[in-house]
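Q: Below: sequence and its predicted model.
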Amino acid sequence: MHPFTYHSAGTVLEAVQAAARGARYIAGGTTLVDLMRETVERPDDVVDISSLPLNKIHTAGNGILRIGSLVTMAEAAAHPAVRDLYPVISQALEASASAQLRNMATIGGNLLQRTRCSYFRDVSADCNKRRPGSGCAARGGYNRMHAILGTSASCVAAHASDLAVALVALDAVVRLHGKDGERLLPLAELLLQPGSTPHREHALEPGELIMRVEVPEHPGRLASGYLKVRDRQSYEFALTSTAVALHVTGGRITTARVAAGGVGTVPWRLKAVEDALTGRRPSPGLWSEAARHATRGARPLTHNRFKLPLLTRTVERQLTEIGGTL
Ligand code: SF4
C-alpha cells in the first residue's frame, strides 16, 4: 500500500480545508480502503470525517426526508420514517452489499462509490477511468455486467449503487459544503456520465463534502418499491434493477417515478416509461405497455444483450407489484 498521512477532522470546515488541499475523505472506508490495498487509489493524505455530526435522519411535512451523509446504510434502512415514507429506499439499501458492509458503509460513501468494473480494479489492465487515455479493456473484453445506457467510446462501466437509483427516482438532492459555503445539487447532476472523461465521476468541486441527502416534498403520498435482479440473492451487484414510485389521484396516475440500475453508467431515470404511465388509469395492460419503453436508447455490448429483455421484465414486474397496492 502507498504510504499516507491520516488526520481526523474535528469540524466540517477543517475537513473541507484538508480535502481542498488534496486529502481524501474516509468514513466507513468500505470503498477507499479496498482500492488503496489494490493500489487503484494512492492518496498521500486521508482525512477521517467519521466523527462529524452528520449522522441524523429528519422528516418534515409532505414527505420531506433528510438523511445525514454519515448515517450508515443499516441505520437508514431500519429507520421507521424511511420504511414508512419511502420503502423504495430501505429496500434498495437492504438489497445492497452484505450485512457487515451495511453496518460500516455510509450514505455519502455509497453514492460516491467507484465502479465494480473488474478491469478498473486490475492495475495491469487498460482503463480510461483509472489511467486517462490508456483505453478500455472492457469494450473488447468480458462485459456481461457492464452498462447499456449512457455509455461512451471511452467507458462502459455500470454505476453500482442501488441507493442512488432509488434516490434519483425520488428527485433527491444533495446538500454540499465547500470552501465557499453550502449549495444544493440534484443527485442526477452530481453523478456524471463518462463521455470522453470517465475519470471525472462527479460534479463536486475540490474539497466539497456531502452533508446530507434530501428527498423533496411530494404532492401526494407515493407508493414505492425496489426490485433487484442478480446472479445470487445476497452480496451481489445488479444485473438489472428498478425503483418505482407512483401516486394516483381521481383514479389516474398523477406521479410516476421510475429509474433503473445495473444498466446505466449513472442511475438511469426511465422518462419514457414515466410518460407512458402519467395520466393513465392503473391496469395490468398499462404496466406491460409502459415497461416496453424501458430500453429506449440502450446499446448492448457483446456479452450483455440479455439485459434488454431482462430490464423490460424487471420494470413490468415492479410496476405490477406497486400498481397492485394503489
Ligand atoms: Fe475502465 Fe470504464 Fe473501461 Fe471499465 S469500462 S475498463 S472502468 S474505462
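A: Cool, the structure landed. Please read all numbers here as calculations on a predicted model, not as lab measurements. Numbers count the residues shown, from 1 in each chain.

Q: In three-state terms, label residue 246 for me.
A: strand (DSSP: H, G, I helix; E, B strand; the rest coil).

Q: Identify the residues contacting it.
A: 222-224, 253, 255-257, 277, 282, 319, 322-323, 326 (Cβ atoms under 8 Å, 6 or more residues apart in numbering). Backbone N, C-alpha and C define where each C-beta goes, glycine included.

Q: can you pick the most crowded of these?
A: Within the contacts of residue 246, most neighbours by other Cβ atoms under 10 Å means residue 319, with 28 neighbours.

Q: That one sits in which helix or strand?
A: helix 307-323 (DSSP states H and E).

Q: Would you mark the buried spots in that helix?
A: 307-308, 310-312, 314-320, 322-323 (16 or more other Cβ atoms under 10 Å).

Q: same question, stretch 236-253
A: Applying 16+ other Cβ under 10 Å to stretch 236-253 flags 237-248, 253 as buried.

Q: Next one: that stretch, is it in contact with the ligand?
A: No: using Cβ under 6 Å from any ligand atom, stretch 236-253 never reaches the ligand; the gap is at least 13.5 Å.

Q: Only C-alpha atoms, please: export that stretch in CSV.
A: Extracted in CSV, the C-alpha atoms of stretch 236-253 (Å, rounded to 0.1, in the frame of the first residue of the first chain):
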residue,chain,number,x,y,z
GLU,A,236,-24.1,-9.2,-5.5
PHE,A,237,-24.4,-6.3,-7.8
ALA,A,238,-27.5,-5.8,-10.0
LEU,A,239,-27.8,-7.3,-13.5
THR,A,240,-30.9,-5.0,-13.7
SER,A,241,-32.9,-3.2,-11.0
THR,A,242,-35.7,-0.7,-10.8
ALA,A,243,-37.1,1.8,-8.4
VAL,A,244,-40.8,2.7,-8.8
ALA,A,245,-42.8,5.4,-7.1
LEU,A,246,-46.4,6.1,-8.1
HIS,A,247,-49.3,8.3,-6.9
VAL,A,248,-52.9,8.1,-8.1
THR,A,249,-55.4,10.9,-7.8
GLY,A,250,-59.0,10.5,-9.1
GLY,A,251,-58.3,7.1,-10.5
ARG,A,252,-55.4,8.3,-12.7
ILE,A,253,-51.6,8.2,-12.2
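
Q: Dump the C-alpha coordinates for the strand or helix carrying residue 188 into CSV.
A: Element membership of residue 188 [criterion: DSSP H and E] is helix 187-190. Provided in CSV are the C-alpha atoms of helix 187-190 (Å, rounded to 0.1, in the frame of the first residue of the first chain):
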residue,chain,number,x,y,z
LEU,A,187,-28.3,13.9,-7.3
ALA,A,188,-28.9,13.3,-11.0
GLU,A,189,-26.5,16.2,-11.7
LEU,A,190,-23.9,15.0,-9.1
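
Q: I would like the residues contacting that helix, please.
A: Contacts for helix 187-190 (Cβ under 8 Å, 6+ apart): 111, 164, 167-168, 171-174, 202-204, 213, 266-267, 269.

Q: Select only the buried ones of those residues in ChimeraX?
A: To isolate the buried subset of those in ChimeraX, counting by 16+ other Cβ under 10 Å, use the following:
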select :111,164,167,168,171,172,173,174,204,213,266,267,269
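
Q: And the helices in the protein, which stretches?
A: Using DSSP state H, the helices of the chain run over 12-20, 32-37, 73-78, 80-85, 87-94, 99-104, 107-111, 137-140, 162-169, 187-190, 271-277, 284-291, 307-323.
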